[in-house]
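Asks: Would you be able to build a 3D model of this:
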Amino acid sequence: MENYEKEIKREFEEFEKSMESSKPTIMLLGQTGCGKSSLANLVFGEKIFETSDFISQTQEFSIKEGRECNIIDSRGYELSDTSDSYVEEVIQGIKKFEGDNKNITSIWYCISIAGKRIQDVDIKLIKKIRELRNFRDKLKIVFTKSDEDSVERDTAIEFNKLLKEKLGYEVKTYEISQEEFAKKELEELIRDTAESIDSEDIRRAFIMAQKGNLELKKKEALKIVGVAAATAATVGASPIPFSDAAVLVPAQIAMIYQISRIFGLEKTANIKGSLGTTLTTVLGKSLAGNLVKLIPGIGTGIGAMINAVIAGGMTGALGYGITENCYSVAKRILNGEKVEIENIFDNEIIKSMLTKENIEKFSKSMKK
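Replies: Predicted structure coming up:
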């Protein structure tokens with residue numbers, strides 16, 4: 001057990017270290033009062049801008065360093081600002097972040113629907129950012145406060161027409177508000193931002209940090225399951241005695257921890273404190289002995305061993321069940337329901353995932 005605990009601790013530490021060095025950085029631009037703060041709070045699910053721990057970077061920008069994401073907030077322009085001078089200030093400020101450890105992942109340029117017009121400074125700044133090769137594809141134009149538009153979206157339609165006319169090409173925009181009707185647009189902004197991130201580690205960290213697209217989290221979690229199942233299969237390539245099935249535990253706990261981190265449930269689920277004992281029990285002699293009865297033939301001729309296919313199948317079944325469980329819990333929390341999640345990884349839940357049908361299903365996928 002002590003060796004397992006050391007291995008589990010190592011897995012946790014390595015994963016947290018990789019996340020610390022892979023935080024995405026989102027820059028927010030737009031007029032003062034256009035809804036930049038509300039957008040960030042909506043995407044990342046916490047009141048980021050009610051705290052005062054911003055780090056001054058330049059006169060134009062300040063940084064909020066979060067656990068999983070950095071936010072660069074701009075000094076929103078005032079109508080009294082001279083557009084050319086403001087644009088130059090912002091462009092020079094953007095360039096200062098290039099190449100450092102807070103290199104910009106995405107720029108969200110906010111234009112308020114409530115303002116009823118796009119300012120010249122908006123057009124000039126969008127054009128200038130598009131001229132910066134390293135930032136061109138990172139720019140996302142967001143229409144905030146879209147709940148103040150008409151039912152027919154008159155203002156948004158006019159804004160899109162004006163942007164196409166002034167820029168000379170059509171751009172994709174996102175109509176965002178805190179109302180339910182804007183949920184799809186919010187999900188698209190998050191998805192498109194994730195897809196535009198080149199680094200796999202930073203992309204995953206962004207998906208972890210955001211709270212507005214659970215389907216994206218689920219998709220990412222299933223990728224983790226696939227990798228973990230393949231890793232377990234390599235362990236099973238040298239068949240494991242059923243009595244030693246818990247040798248799979250460290251990798252499986254690492255998988256579950258990453259999945260729970262994707263959904264933001266790792267703190268309340270007390271994974272570090274209880275999951276090792278739970279999995280070791282479930283995957284130990286008691287369950288392993290029953291697998292021979294559950295899946296006829298897997299013990300025949302190999303001395304009651306777990307081979308690569310079964311090791312991968314067990315891990316896949318476990319990971320898929322954990323993903324569905326976390327997705328369900330996160331969705332209920334997002335909908336404002338009170339959820340008891342302290343024991344979402346208890347013995348009975350783990351056992352219910354490792355059924356004959358689930359293991360056979362994922363074992364078959366390992367053979368393909």
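Asks: Low-confidence stretches in the stretch 51-200 of the chain?
Replies: Along the stretch 51-200 of the chain, the model assigns pLDDT under 70 to residues 51-60, 79-82, 99-102.
Asks: so where do the helices sit in it?
Replies: 83-97, 120-131, 154-167, 183-195, 200-209 (DSSP state H, counting those that start in this stretch).
Asks: count of neighbours near S112?
Replies: Neighbour count of S112, defined by other CB atoms under 10 Å: 21. Any C-beta I mention is one placed from the backbone N, CA and C, and that applies to glycine too.
Asks: Report the secondary structure element holding the residue nearest to it when sequence neighbours are not counted.
Replies: Distances taken as CB to CB, 6 or more residues apart in numbering place C34 nearest to S112, at 4.1 Å, with adjacent residues excluded. C34 belongs to no helix or strand when assigned by DSSP states H and E.
Asks: Would you point out which residue is most central in the protein?
Replies: When CA atoms, centre = their mean is applied to the chain, the residue found nearest the centroid is I207 (1.6 Å).
Asks: Regarding the closest residue to that one other than its chain neighbours, what is its secondary structure?
Replies: Excluding its sequence neighbours, the residue lying closest to I207 (CB to CB, 6+ apart) is E220, at 4.8 Å. Recorded secondary structure, E220: helix (DSSP: H, G, I helix; E, B strand; the rest coil).
Asks: and E220, what is it in contact with?
Replies: 204, 207, 262 (CB atoms under 8 Å, 6 or more residues apart in numbering).
Asks: buried set for the lengthiest helix in the chain?
Replies: Ranked by residue count and defined by DSSP state H, the top helix of the chain is helix 308-334. For helix 308-334, burial by neighbour count (16 or more other CB atoms under 10 Å) applies to 308-323, 325-327, 329-330, 333.
Asks: Can you show me the strands along the stretch 251-368 of the chain?
Replies: Under the criterion DSSP state E, counting those that start in this stretch, strands of the stretch 251-368 of the chain are mapped to 305-306.
Asks: Report the buried residues of stretch 66-85.
Replies: For stretch 66-85, by 16+ other CB under 10 Å, it's 66, 68-77, 81, 83.
Asks: can you tell me which of those residues lies nearest to Y109?
Replies: Among the buried residues of stretch 66-85, S74 lies closest to Y109 (CB to CB), at 9.7 Å.
Asks: Touching, that closest one and L28? I think so.
Replies: Yes: taking contacts as CB atoms under 8 Å, S74 lies within contact range of L28: 6.1 Å.
Asks: Mutual contacts of the two, please.
Replies: In contact with both S74 and L28: K36, using CB under 8 Å, 6+ apart.
Asks: Please report the distance of L186 from V309.
Replies: Distance, L186 to V309, using CB to CB, to the nearest Å: 41 Å.
Asks: actually I72, not the one I typed
Replies: In terms of CB to CB, I72 sits 48 Å off from V309.
Asks: can you check K64 too?
Replies: K64 is 47 Å from V309, by CB to CB.
Asks: low pLDDT regions in the stretch 251-368 of the chain?
Replies: 267-306, 341-351, 354, 356, 365-368.
Asks: Which residues are in contact with K138?
Replies: Taking CB under 8 Å, 6+ apart, we find K138 in contact with 104-107, 196.
Asks: which one of those residues is nearest T144?
Replies: I107 (14.6 Å).
Asks: which residues does that closest one contact?
Replies: 26-27, 29, 94, 129, 135, 138-140 are the contacts of I107 under CB under 8 Å, 6+ apart.
Asks: Would you format the residues you listed as TSV with distance to N213 included?
Replies: Formatted as TSV, those follow (distance: CB to CB, whole Å):
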residue	distance to N213
I26	14
M27	20
L29	22
I94	26
I129	24
F135	23
K138	18
L139	20
K140	14
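Asks: of the residues you listed, closest to V87?
Replies: After measuring these against V87 - CB to CB - the closest member comes out as I129, at 9.5 Å.
Asks: Do me a favour and get the end-to-end distance for stretch 137-153?
Replies: 26 Å (CA to CA, to the nearest Å).
Asks: Could you do stretch 174-191 as well?
Replies: OK, stretch 174-191 end separation, CA to CA: 12 Å.
Asks: Residues touching that stretch, excluding its own?
Replies: Contacts of stretch 174-191 (CB under 8 Å, 6+ apart): 35, 38-39, 42-43, 108, 113, 140-149, 153, 156, 210, 212-213, 215-216.
Asks: 6 Å - rerun?
Replies: Applying CB atoms under 6 Å, 6 or more residues apart in numbering, the contact partners of stretch 174-191 are 142-147, 156, 210, 212-213, 216.
Asks: Please pick the buried ones from the residues you listed.
Replies: For the contacts of stretch 174-191, buried by 16+ other CB under 10 Å: 142-146, 156, 210, 212-213, 216.
Asks: Adding distance to D122, write those residues out as JSON lines.
Replies: Output for these, formatted as JSON lines (distance: CB to CB, whole Å):
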{"residue": "V142", "distance to D122": "12"}
{"residue": "F143", "distance to D122": "11"}
{"residue": "T144", "distance to D122": "12"}
{"residue": "K145", "distance to D122": "15"}
{"residue": "S146", "distance to D122": "16"}
{"residue": "A156", "distance to D122": "14"}
{"residue": "Q210", "distance to D122": "25"}
{"residue": "G212", "distance to D122": "24"}
{"residue": "N213", "distance to D122": "26"}
{"residue": "L216", "distance to D122": "29"}
